[in-house]
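Novice: need a structure here:
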Amino acid sequence: MKITNDSVVSIHFGVSEVDGNALDSTENGAPLEFIQGSHYLVPGLESELEGKQVGDKFDVELEAKDAYGIFQEELVQQVPRSLFEGVDEIEVGMSFQAETDQGPRSVEVTEVGEENVSIDANHPLAGMALRFVGEVVGVRVASEEEMAHGHIHPTDSSCDADNEEKETAHECCGGDKSKHAQGDSCCGDKHEEKKSDHECCGGQH
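Specialist: Okay, here's the model as predicted:
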């Protein structure tokens with residue numbers, strides 16, 4: 001079966017800077033699963049996988065615009081330190097969820113001052129040309145339930161309808177959001193000066 005839109009695809013892959021500096025890999029872990037055409041992956045990688053099948057390998061270099069987007073200076077802002085009430089110590093590298101016109105976005109603390117804190121809503125890999133190397137290890141047709149929810153369900157399980165409103169865009173029944181999903185790669189509107197629960201990036205670079 002070839003990869004087309006609405007296929008559930010499983011891949012093992014590694015990602016690096018084009019100069020060879022390794023950034024992340026699924027080696028020794030579970031493969032990444034997603035629905036092709038759902039914009040879960042960065043656009044260049046999703047395009048590269050179209051038409052491939054189990055056993056096919058890929059090796060593609062992507063410019064920033066086809067990966068996690070260009071770096072946007074307007075997404076780096078200073079906000080009052082008072083917005084971080086309840087956080088005992090604010091440190092560079094911490095990540096938080098900020099409410100925006102487009103919904104919650106992950107932001108990273110880049111500088112801490114006495115009165116203000118600088119936050120960056122760009123994806124950590126924004127502005128970088130990247131190389132993705134890997135192999136397709138699974139392709140199947142998405143179930144009706146998966147298509148309705150827009151994300152993968154673990155084998156032989158489904159999401160309880162009562163919990164649907166609590167699910168995030170890429171998480172169901174305990175599934176983890178991938179670091180290399182497209183969801184955090186394309187922030188647009190300006191962040192409101194408001195933070196929600198303190199949340200770590202989950203290993204994002």
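Novice: Give me the nearest residue to residue 47, chain neighbours excluded.
Specialist: residue 66 (7.9 Å; Cβ to Cβ, 6 or more residues apart in numbering). Where you see a C-beta, it was placed from the backbone N, CA and C, and this is true even at glycine.
Novice: and residue 82, that one's in a helix?
Specialist: Yes - the assignment for residue 82 is a helix, going by DSSP: H, G, I helix; E, B strand; the rest coil.
Novice: ok, it - how many residues close by?
Specialist: 10 (other Cβ atoms under 10 Å).
Novice: cool, and residue 136?
Specialist: 21.
Novice: go on, residue 116?
Specialist: 15.
Novice: beta partners for it?
Specialist: residue 80 (DSSP bridges).
Novice: Same check on residue 111?
Specialist: Under the criterion used (DSSP bridges), residue 111 bridges to residue 118.
Novice: so it makes contact with residue 118?
Specialist: Yes - Residue 111 is within contact range of residue 118, at 3.8 Å (criterion: Cβ atoms under 8 Å).
Novice: pLDDT wise, what is the residue nearest to residue 47 at?
Specialist: Looking at residue 66, its pLDDT stands at 97.
Novice: got it, and residue 22?
Specialist: 96.
Novice: which residues of this protein fall in helices?
Specialist: Using DSSP state H, the helices found in the chain span residues 43-49, 144-149.
Novice: Any chance of CSV for those, columns distance to residue 75 and mean pLDDT?
Specialist: Below are the helices of the chain laid out as CSV (distance: least, Cβ to Cβ, whole Å; pLDDT from 0 to 100):
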stretch, distance to residue 75, mean pLDDT
helix 43-49, 19, 97
helix 144-149, 29, 77
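Novice: what's the burial count for residue 123?
Specialist: Counted with other Cβ under 10 Å, residues neighbouring residue 123 total 29.
Novice: swap that for residue 50, sorry
Specialist: Count around residue 50 with other Cβ under 10 Å applied: 13.
Novice: And for the one 5 residues further on?
Specialist: When counting by other Cβ under 10 Å, one arrives at 9 neighbours for residue 55.
Novice: who's in contact with the residue nearest to residue 47?
Specialist: Neighbour list for residue 66: 42-44, 47 [criterion: Cβ atoms under 8 Å, 6 or more residues apart in numbering].
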